[in-house]
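1. please work out how this folds:
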Amino acid sequence: MAESETIEAQEVLPNEPQWIFDGGVLPHERTRYTNDVVAALKTVFDPEIPCDVYELGLIYKVEIDEHRLIKIEMTLTAPGCPVAGEITRSIETAVGTVPGTLGVIVTIVFEPPWDQGRMSDEARVSLDMF
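-> Purely as a prediction, here's the structure:
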């Protein structure tokens, strides 16, 4: 089994998740998976906030193992979020459509706590927060 590698973005934005790929995931696959997973995440909206989970900065880590099982660590805008189950199921469904994916496991974490500084400029514009 190959070692996992953390892929670091050249310019890390506050809302960028940490990407971890198993060493068996080839470089061209990493690019495709990154683009496809981000596109899938952008289809999932927080039902209480009219913005997608990726642009809100709710996705903390995306790990893809040698079998192409995708593990996602995410947070919520508030610990008592009543739609947590709905959001995680929507993410599993959306990311599960990425070609070549074995499955998706979403875990909710609260460290570090989410704050508005994790939102992208796109999210700030859509929520009129500039």
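2. residue 108 against residue 72, yeah?
-> No: taking CB atoms under 8 Å as the definition, residue 108 is not a contact partner of residue 72, at 9.7 Å. (C-beta placed from N, C-alpha, C; glycine too.)
3. which of these two has more residues huddled nearby?
-> Remark: of residue 108 and residue 72, residue 72 carries more neighbours, 24 against 17, as counted by other CB atoms under 10 Å.
4. list the residues that contact the more buried one.
-> Applying CB atoms under 8 Å, 6 or more residues apart in numbering, one finds that residue 72 lies in contact with 59, 61, 62, 63, 91, 95, 104, 105, 106, 107.
5. which of those count as buried?
-> For those, a burial check counting by 16 or more other CB atoms under 10 Å picks out 59, 62, 63, 91, 95, 104, 106.
6. restricted to strands, list these.
-> 59, 62, 63, 104, 106 (DSSP state E).
7. so what's the last one closest to, chain neighbours aside?
-> It refers to residue 106. The spatial neighbour of residue 106 that comes closest, neighbours along the chain excluded (CB to CB, 6 or more residues apart in numbering), is residue 88 at 4.3 Å.
8. how about the helix or strand harbouring the one you found, which residues are buried there?
-> In the assignment (DSSP states H and E), residue 88 maps to helix 84-95. Residues of helix 84-95 classed as buried: 84, 87, 88, 90, 91, 92, 94, 95 (neighbour count, 16+ other CB under 10 Å).
9. what pLDDT is listed against the first one?
-> Spelled out, that is residue 84. With respect to pLDDT, residue 84 scores 84.
10. wait, what's in contact with it?
-> 76, 108.
11. cool, and the fourth one?
-> If you count contacts by CB under 8 Å, 6+ apart, residue 90 has them with residue 44.
12. separation between it and residue 15?
-> 18 Å (CB to CB, to the nearest Å).
13. what's the angle from the helix holding residue 88 to strand 59-64?
-> Using axes from the mean of the first three to the mean of the last three CA atoms, to 10 degrees, one finds that helix 84-95 and strand 59-64 are set 40 degrees apart in direction.
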